[in-house]
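Novice: Quick one, what's the 3D model for this:
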Amino acid sequence: MKRAGFSISWGWITAVAAVLALSGCVDPGYRAERLFWQAERKADEVFKKGIDNFTDEDFETLIGLYRKVVEAAPLEDESSQAQFIIADLYTYQHKYRKAQQQLLQIENNFFTKPVIASRAKFFMAKLYEKREKPEEAIQYYEELMSKYPVTPIGLTLPRYLMTKYKEEGSAGKAREFYDRAITHYQDLLSQYTDTAVAPTVYDALAELYLAEGEPEKALEMWDRIILDYPESGYIPKAYTSKAETYVRQLSHMKNAQEVYEQFSERYPDFPQRPEIELRLARLYLQDDKTAKAKRIYREIINEFPEKSTLLAQAYAGLAECYQKEANTGKMEETYGYIREHFPDSQAAFMIPFLTARYYEQTGFHQKAQRGYRQAAKKYEQYLAKHPDPRVKKEAANVLTLCYIKTNRVSDAVALLEKLSTAFPRDPMYLFDLATLYVNLHKPEKAREVYQTIQEKYPTNYFVNRLAQRRMNTLR
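Specialist: As a prediction, the model looks like this:
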């Protein structure tokens, strides 16, 4: 490993660590990090069985692994991660009191770290909900908003509660929490008007308005950030949220493009500018302004020759422009350049699928089917042999689409079921499986999968909320 110009031997590091350990001088953070890493490695072996197949001994083994981290360094961040996992395991076993004990201990141990403490209190409230004790849950939610108001969870909680009651069909309660949320945010703004916290509150208020179906009011809040806090770290978020609201809620593509153009002009030195310009080029492409999109992609290629990931994305964007123009030769030439110069990029990875899709969209159906079959073989190789689990996951996603495109639906279902077992901590595959059942007009099968998601990830409120929202749309 090389760092800051020095060549470091891992054997030397191991030897020094051993000496420090014997002398009692190991940094608690390092020790906690090492133990957590060891626990994760051993836990992965247990998780391969699939949590539905766990015995009581498996649960105890996992809890024991993570408890070692807690006992060794109870005040390190890795300890809180370990305790959250322990609480999750207890919750899956319906041992709610033991789960709550873990969460209470986290809040007590990390009271000086509000982000961690607020997360623990939130999950305690969720556990009361699971035990059908809504009054206790609300009490914890209100304590969280009072005690940790400007943490990420504290700021999003009012919107979460409003949305929760809306999805449950309690319109009166949803409106009550909406009104309370407005008051809550206004109180925070009166306290933090001239501080760096104010933009985060305006952003939370904007997201609340958006969730309530009032995008114009949301835009006003992001404008407040842009006008009153031009040097804030929330500036890229404000511009991006404003532009995407124009696209998704108001269908004002031109306005969105103008917002992104303003950001590029006013903040040319912001590190987010290249990514925002890529998004602007994408909007031009969607709006059939291919020439403008090509101009931006070429500017990025010329301006950032040292940023390989950015370059690969820009060349991929150029290839898509050529697709729009039905310029097959230039598209294939650009894809060839990507393969040669950026072989390990996401853009190169996607070429087999995108090429097949291009032929499908241009009416060359036999060529498209052949392309999808070839792409499937390529992604099957990635899935079987690639050492990086992230690449395997991505290959699985695209392979599923290839199976569907070639009418191999049973293979797609089997693959998603297999992957949900192989990667039990990732709910994405179950969501994909449910979506597939929806597209196959099998809503009851989709509902079963969404219920499985809620059972498997009981303390992940984002996952639970999304699963419930999708379930509510089933007919």
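Novice: drop to CA atoms for contacts and neighbour counts, all remaining ones
Specialist: Will do.
Novice: which residues touch the helix or strand encompassing Val398?
Specialist: If you go by DSSP states H and E, Val398 is part of helix 389-405. Here helix 389-405 makes contact (Cα atoms under 8 Å, 6 or more residues apart in numbering) with 353, 369, 372-373, 375-376, 379-380, 382-384, 386, 409, 411-412, 415-416, 419.
Novice: so what's the residue nearest to Thr362 when sequence neighbours are not counted scoring on pLDDT?
Specialist: Leaving aside its chain neighbours, Thr362 sits nearest to Ala326 (7.8 Å; criterion: Cα to Cα, 6 or more residues apart in numbering). Ala326 is assigned 93 on the pLDDT scale.
Novice: contacting residues around the nearest residue to Tyr128 once chain neighbours are set aside?
Specialist: Closest residue to Tyr128 apart from its sequence neighbours, by Cα to Cα, 6+ apart: Ala137 at 5.2 Å. Residues counted as contacts of Ala137 (Cα under 8 Å, 6+ apart) are Met124, Ala125, Lys126, Leu127, Tyr128, Glu129.
Novice: what do you get for Leu283?
Specialist: Met253, Gln257.
Novice: please redo it, this time with the cut-off set to 7 Å
Specialist: For Leu283, the contacting residues are Gln257, by Cα atoms under 7 Å, 6 or more residues apart in numbering.
Novice: Where does it sit: helix, strand or coil?
Specialist: Under DSSP: H, G, I helix; E, B strand; the rest coil, Leu283 falls in the helix class.
Novice: what helix or strand does the residue lying closest to Met428 once chain neighbours are set aside sit in?
Specialist: Nearest residue to Met428, sequence neighbours excluded (Cα to Cα, 6+ apart): Ser420, at 7.9 Å. In this assignment (DSSP H and E), Ser420 forms part of helix 409-422.
Novice: next SSE after that helix?
Specialist: Criterion used, DSSP H and E; the element after helix 409-422 is helix 428-439.
Novice: and that following helix, how far out from the chain's middle?
Specialist: 17 Å (Cα atoms, centre = their mean, to the nearest Å).
Novice: Which positions within it qualify as buried?
Specialist: Of the residues in helix 428-439, Met428, Tyr429, Leu430, Phe431, Asp432, Leu433, Ala434, Thr435, Leu436, Tyr437, Val438 count as buried by neighbour count, 16 or more other Cα atoms under 10 Å.
Novice: what helices or strands is the host helix or strand of Ile296 leaning on?
Specialist: Element membership of Ile296, judged by DSSP H and E, is helix 290-303. If contacts are counted by 3 or more Cα pairs under 7 Å, 6 or more residues apart in numbering; DSSP states H and E, helix 290-303 sits against helix 273-286, helix 308-324.
Novice: Now tabulate those in TSV and tack on distance to His252.
Specialist: Converted to TSV, the helices and strands packed on helix 290-303 look like this (distance: least, Cα to Cα, whole Å):
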stretch	distance to His252
helix 273-286	11
helix 308-324	22
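Novice: and among those helices, the most buried is which?
Specialist: helix 308-324 (a mean of 21; mean count of other Cα atoms under 10 Å).
Novice: Now do that helix: which elements does it pack against?
Specialist: Using 3+ Cα pairs under 7 Å, 6+ apart: helix 308-324 touches helix 290-303, helix 328-341, helix 346-361.
Novice: so can I have JSON lines of these showing distance to Glu216 and mean neighbour count?
Specialist: Formatted as JSON lines, those follow (distance: least, Cα to Cα, whole Å; neighbours: other Cα atoms under 10 Å):
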{"stretch": "helix 290-303", "distance to Glu216": "28", "mean neighbour count": "18"}
{"stretch": "helix 328-341", "distance to Glu216": "40", "mean neighbour count": "17"}
{"stretch": "helix 346-361", "distance to Glu216": "36", "mean neighbour count": "20"}
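Novice: residues in contact with Arg357?
Specialist: Listed by Cα under 7 Å, 6+ apart, the contact partners of Arg357 are Ala368.
Novice: separation between it and Val398?
Specialist: Counting by Cα to Cα, to the nearest Å, the gap between Arg357 and Val398 amounts to 12 Å.
Novice: the bottom helix or strand of the chain by mean pLDDT?
Specialist: Ranked by mean pLDDT, DSSP states H and E, the helix or strand of the chain with the weakest confidence is strand 6-7, at a mean of 34.
Novice: and Ser251, how many neighbours?
Specialist: Each residue near Ser251 was counted by other Cα atoms under 10 Å, and the total is 12.
Novice: Residue ranges in this protein under the pLDDT threshold?
Specialist: Low-confidence regions of the chain, defined by pLDDT under 70, span residues 1-30, 459, 461.
Novice: Okay, strands next: where are they in it?
Specialist: 2-3, 6-7 (DSSP state E).
Novice: one step back: from the contacts of Ala137, which land in helices?
Specialist: Members of the contacts of Ala137 lying in helices (criterion: DSSP state H): Met124, Ala125, Lys126, Leu127, Tyr128, Glu129.
Novice: Now a ChimeraX select for only the buried ones of these.
Specialist: This is how ChimeraX selects the buried members of the ones in helices among the contacts of Ala137, with burial counted by 16+ other Cα under 10 Å:
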select :124,125,126,127,128
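Novice: Dump the ones in helices among the contacts of Ala137 into TSV; add distance to Thr151 as well.
Specialist: Output for the ones in helices among the contacts of Ala137, formatted as TSV (distance: Cα to Cα, whole Å):
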residue	distance to Thr151
Met124	16
Ala125	16
Lys126	18
Leu127	20
Tyr128	22
Glu129	22
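Novice: just the ones in helices among the contacts of Ala137 now: which is nearest Leu285?
Specialist: Proximity of the ones in helices among the contacts of Ala137 to Leu285 (Cα to Cα) peaks at Lys126, which lies at 43.3 Å.
Novice: re the thing from before, would you list the helices and strands packed on helix 308-324 in a markdown table and tack on distance to Thr55?
Specialist: Output for the helices and strands packed on helix 308-324, formatted as a markdown table (distance: least, Cα to Cα, whole Å):
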| stretch | distance to Thr55 |
| --- | --- |
| helix 290-303 | 54 |
| helix 328-341 | 47 |
| helix 346-361 | 39 |
